[in-house]
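A.B. asks: Give me coordinates for this.
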Amino acid sequence: MSDHEQQQPAPRRGKVLEALARAERKVFTRPAPKSAKAQVKFLLTRTKDSAKDLAARLGVSRRTVERYRAGHLTKPQKKLQATLVEETESEWQPQVRAKAREQAATSSGMMVEVTAYFGFACKGSSDDGRERTITTPISPTYAKQILHLQEAGATEEELHPIVTEAITESYFTEWGTRAAGLRADFTHVQSIDFRF
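C.D. replies: Predicted coordinates for the structure are as follows:
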């Protein structure tokens, strides 16, 4: 088996983490590199031109990194392509991303659109759980918590409760003006998107 064929699978992120990554990509002011060669060259600048470090990060051999840098390999397998895109976009325009995150955490908050099964826990509630599509703002306080957890490497399971709480406060209790004590939970997430 060649180095190219021994590539490691790309790490799989949950829907909330993917949605946060997509939201960050939408604030880019310039497109990220698209070709494998350009992505490898960019990532090498982030690893101080260490092919060994980049190879470890991508889950491939050093020789594979060198081949992409030289342009001898141009079409990565799907798993490596996904990893290249994810790694490139995670490093692309850090100041632009930081500014959008800071604004969301301090003043503007975020918008969330989610399609999921929502159920409720509240005394006297007659609402049965059902699938809903909800678009609602998330306050800067919750946005700050969500972004802090993401930055700290939180798992999907750790982010889910805070996102649920943010949606409950904004959409179901309307910032505490109705349905006191209501606690919503969502499962079976079909789709979720955030906007800064």
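
A.B. asks: quick one: buried residues of the longest helix seen in the chain?
C.D. replies: Secondary structure of the chain read by DSSP state H shows that its longest helix is helix 78-91. For helix 78-91, burial by neighbour count (16 or more other CB atoms under 10 Å) applies to 80, 83, 84, 85, 86, 87, 88, 89, 91. Backbone N, C-alpha and C define where each C-beta goes, glycine included.

A.B. asks: and residue 117, bridged to which residues?
C.D. replies: Residue 117 has these beta-bridge partners by DSSP bridges: residue 131, residue 187.

A.B. asks: what sits against it?
C.D. replies: 129, 130, 131, 132, 186, 187, 188 (CB atoms under 8 Å, 6 or more residues apart in numbering).

A.B. asks: separation between it and residue 148?
C.D. replies: Look at residue 117 and residue 148: by CB to CB, to the nearest Å, they are 27 Å apart.

A.B. asks: Now name the helix or strand holding residue 180.
C.D. replies: Using DSSP states H and E, residue 180 is not contained in any helix or strand.

A.B. asks: got a pLDDT number for it?
C.D. replies: Note on residue 180: pLDDT of 75.

A.B. asks: quick one, phi/psi of it?
C.D. replies: For residue 180, the backbone dihedrals (degrees, to the nearest 10) come out as phi -60, psi 140.

A.B. asks: ok, it - contacts?
C.D. replies: Per CB under 8 Å, 6+ apart, neighbours of residue 180: residue 173.

A.B. asks: coming back round to it: list only buried entries from the contacts of residue 117.
C.D. replies: Buried, going by 16+ other CB under 10 Å: residue 186, out of those.

A.B. asks: And the contacts of residue 117, which is closest to residue 70?
C.D. replies: Nearest to residue 70 among those is residue 188, at 46.5 Å by CB to CB.

A.B. asks: Excluding chain neighbours, what is closest to the closest one?
C.D. replies: residue 117 (4.3 Å; CB to CB, 6 or more residues apart in numbering).
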